[in-house]
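Engineer: Fold the stuff below for me.
(one chain, ligands or ions: 1)
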Amino acid sequence: MEHVRQDLSGTREARQLVRGQPTSDGDGVKLTRVIGGRSLADLDPFLLLDEFGSESSADYIGGFPSHPHRGFETVTYMLEGRMRHRDNQGNEGLLVPGSVQWMTAGRGIVHSEMPEQEEGRMRGFQLWVNLPAKDKMTAPRYQDIAPERIPQVKGADGSQVRVIAGDYADASGHVTRGPVQGIAIEPLYLDVTLPRGTRFEQALAASHAAFIYVFEGQARIGGRATDAVRGDLAVLGEGDRVVVAAEVADARFMLVAGRPLNEPVVKYGPFVMNTRAQIVQAVDDYSAGRFA
Ligand code: FE
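Structural biologist: Next up, the predicted model:
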């Protein structure tokens, strides 16, 4: 491990390890809520992180029938399975394995997210990203990213990084930019696969909130070497870079970071605004059909 830096100042440590809780949403879809539930209410600017994964169609077949969103963004990352997306403005798309949908709901959309399969594995994540006050009523926008548009950086050691959003600099310093663009919180979203015995390093803006969610194997995080296993979310503390090693097993995790908004958050189901009055307005607009 010749490139292990002796100086670990600036390295972000796992400040807190959190495990998600089993719950269900939509029409009985079983999932694990990692952010946005009792274990971690929020992590500004991130409002929610759900992991779904099942071989049994009963756990997902109900899908997420028609429902609204206003005031934030939903980011769906599919690992396995297919999901059909349709909204009230005529937009439609199929999320396939390895694809990402970054949906800026803005002033409002009404959509459904339904499985396009009756059997087999369905697996992936949905992250909710808050919008700054000035953008909450922006026009809805979709970034549907096909799997082949997500750069995959392979290291000589067998490590692999899928760059969904933000910049990733590999060991040689070459920078790869993710396809998701123009997002207010300047996100970093990486899917990192580390074979046992390899390590990963990435610069992070010191002012940005960041977390690692381990979804396969086991990873050792930071200079104090906090071990996180499958299903652990590590909230990262202060610093300007992160170091992760796969010491005892292969590891796969997401590294997500973004600029905190430091604005009041008032949540009511699928509406996330800054004031109670704006929530009342959202409920009124939705019931009066003004999301069209
Ligand atoms: Fe939705």
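Engineer: Tell me where this structure is predicted with low confidence.
Structural biologist: Where the chain drops to pLDDT under 70, the residues are 1-7.
Engineer: Quick one: the helices in it, in order.
Structural biologist: 276-287 (DSSP state H).
Engineer: List the neighbouring strands of the longest strand along it plus their orientation.
Structural biologist: Longest strand in the chain, counting residues (DSSP state E): strand 209-221. In the sheet, strand 209-221 lines up against strand 226-229 (antiparallel), strand 232-236 (antiparallel), strand 241-245 (antiparallel), strand 251-258 (antiparallel) (DSSP bridges).
Engineer: hmm, who's touching the third one?
Structural biologist: Looking back up the chat, that one is strand 241-245. With contacts defined as C-beta atoms under 8 Å, 6 or more residues apart in numbering, strand 241-245 is touched by 8, 10-12, 192, 194, 198-204, 210, 212, 219-223, 225, 236, 251, 253, 255. No exception for glycine: its C-beta is placed from N, CA and C like everyone else's.
Engineer: at 7 Å instead, please
Structural biologist: 10-12, 194, 199-204, 210, 212, 219-223, 236, 255 (C-beta atoms under 7 Å, 6 or more residues apart in numbering).
Engineer: Quick one, which of the strands paired with strand 209-221 gets closest to P132.
Structural biologist: Judged by C-beta to C-beta, the one of these that comes nearest to P132 is strand 251-258, at 11.3 Å.
Engineer: Identify all contacting residues around the longest strand of the chain.
Structural biologist: Contacts of strand 209-221 (C-beta under 7 Å, 6+ apart): 12, 14, 34, 43-46, 49, 51, 204, 227-230, 232-236, 242, 244-258, 260.
Engineer: Return the distance of it from the chain's centre.
Structural biologist: Distance, stretch centre to chain centre, for strand 209-221: 13 Å (C-alpha atoms, centre = their mean, to the nearest Å).
Engineer: do stretch 150-168 as well
Structural biologist: The answer for stretch 150-168 is 16 Å, by C-alpha atoms, centre = their mean.
Engineer: Export only the CA atoms of that stretch, formatted as PDB.
Structural biologist: Extracted in PDB, the C-alpha atoms of stretch 150-168 (Å, rounded to 0.1, in the frame of the first residue of the first chain):
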ATOM      1  CA  ILE A 150     -22.600   6.600 -16.800                       C
ATOM      2  CA  PRO A 151     -18.800   6.600 -17.000                       C
ATOM      3  CA  GLN A 152     -17.200   3.600 -15.400                       C
ATOM      4  CA  VAL A 153     -13.600   4.100 -14.200                       C
ATOM      5  CA  LYS A 154     -11.600   0.900 -13.800                       C
ATOM      6  CA  GLY A 155      -8.500   0.900 -11.700                       C
ATOM      7  CA  ALA A 156      -5.500  -1.500 -12.300                       C
ATOM      8  CA  ASP A 157      -6.300  -3.100  -9.000                       C
ATOM      9  CA  GLY A 158      -9.800  -4.100 -10.100                       C
ATOM     10  CA  SER A 159     -11.600  -1.300  -8.400                       C
ATOM     11  CA  GLN A 160     -14.400   0.300 -10.300                       C
ATOM     12  CA  VAL A 161     -16.200   3.600  -9.900                       C
ATOM     13  CA  ARG A 162     -19.400   4.600 -11.600                       C
ATOM     14  CA  VAL A 163     -19.600   8.300 -11.800                       C
ATOM     15  CA  ILE A 164     -23.300   9.400 -11.600                       C
ATOM     16  CA  ALA A 165     -22.800  13.000 -10.600                       C
ATOM     17  CA  GLY A 166     -19.800  15.200  -9.700                       C
ATOM     18  CA  ASP A 167     -16.100  14.700 -10.500                       C
ATOM     19  CA  TYR A 168     -14.000  11.700  -9.600                       C
END
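Engineer: Next up, the contacts around the residue nearest to R241 when sequence neighbours are not counted.
Structural biologist: Nearest residue to R241 in three dimensions, chain neighbours excluded: A203, at 4.9 Å (C-beta to C-beta, 6 or more residues apart in numbering). Listed by C-beta under 7 Å, 6+ apart, the contact set of A203 reads 169, 240-241.
Engineer: Then P65?
Structural biologist: By C-beta under 7 Å, 6+ apart, the neighbours of P65 are 26-27, 112.
Engineer: Of the residues you listed, just say which sits nearest to V161.
Structural biologist: Of these, the one sitting nearest to V161 (C-beta to C-beta) turns out to be G26, at 30.8 Å.
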